[in-house]
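Student: 3D model of this:
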Amino acid sequence: MIVDDEPEIGRILALILGAAGFEATAVEGGRAALARIAQAPPDVVLLDVRMPGLDGFEVLRQVRESPATARLPVLMLTANTGDAERTRAEELGADDFIAKPFEAADTVARVRAVLGRAG
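Tutor: Numbers count the residues shown, from 1 in each chain. As a prediction, this is how the structure comes out:
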């Protein structure tokens with residue numbers, strides 16, 4: 001599952017992951033993501049950090065607090081690659097960090113690696 005407040009980013013990532021053999025759906029915003037995760041947790045989440053309303057950090061915090069989703073692999077997406085954001089994501093339990101603009105091959109490799117660790 002891809003979570004981003006920019007629909008175009010979600011569509012692009014879904015196409016990239018789909019071409020690599022993954023079933024990928026895009027969700028806009030943190031609240032929609034939490035609702036979808038509660039209904040049917042995906043195998044992995046690509047989660048934008050900066051979103052209006054519930055940002056990615058808060059979504060990640062809630063995912064990690066729930067026993068049902070605490071081990072769900074989450075990769076954070078952001079255009080801000082500063083150490084403070086990366087550190088906060090790691091402290092909250094993010095599994096990896098993908099910088100925007102992202103490269104297709106790197107994104108697919110990171111998703112595969114995280115899923116390999118989870119399985």
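Student: check contacts around Val27.
Tutor: For Val27, the contact set (Cβ atoms under 8 Å, 6 or more residues apart in numbering) comprises 1-3, 10, 33, 36. Quick note: C-beta positions are derived from backbone N, CA and C, even for glycine.
Student: Identify the farthest-apart pair in those residues.
Tutor: Maximum pairwise distance among the contacts of Val27 (Cβ to Cβ): 12.3 Å, between Gly10 and Arg36.
Student: So between those two, which is more surrounded?
Tutor: Each of Gly10 and Arg36 has its neighbours counted (other Cβ atoms under 10 Å); Gly10 has more, 21 against 16.
Student: Just the residues contacting the helix or strand of the chain with the lowest mean pLDDT, thanks.
Tutor: Every helix and strand in the chain was compared by mean pLDDT, DSSP states H and E; the lowest is helix 83-92, with a mean of 89. Outside helix 83-92, the residues within contact range by Cβ under 8 Å, 6+ apart are 49, 56-57, 60-61, 64, 76, 78, 97.
Student: in it, what counts as buried?
Tutor: Buried residues in helix 83-92, counted by 16 or more other Cβ atoms under 10 Å: 85-86, 88-89, 92.
Student: Chain neighbours aside, what residue packs nearest to Ile98?
Tutor: Among residues not flanking Ile98 along the chain, Leu77 sits closest, at 5.1 Å (Cβ to Cβ, 6 or more residues apart in numbering).
Student: Please report the distance of the one you found from Ala68.
Tutor: Distance, Leu77 to Ala68, by Cβ to Cβ, to the nearest Å: 23 Å.
Student: Compare the two (neighbour count), which wins?
Tutor: Between Leu77 and Ala68, Leu77 has the larger neighbour count (other Cβ under 10 Å), namely 23 against 10.
Student: my hunch is that that one is in a strand, does that hold up?
Tutor: Yes. Leu77 forms part of a strand when assessed by DSSP: H, G, I helix; E, B strand; the rest coil.
Student: how much space is there between it and Leu115?
Tutor: Leu77 is 16 Å from Leu115, where distance means Cβ to Cβ.
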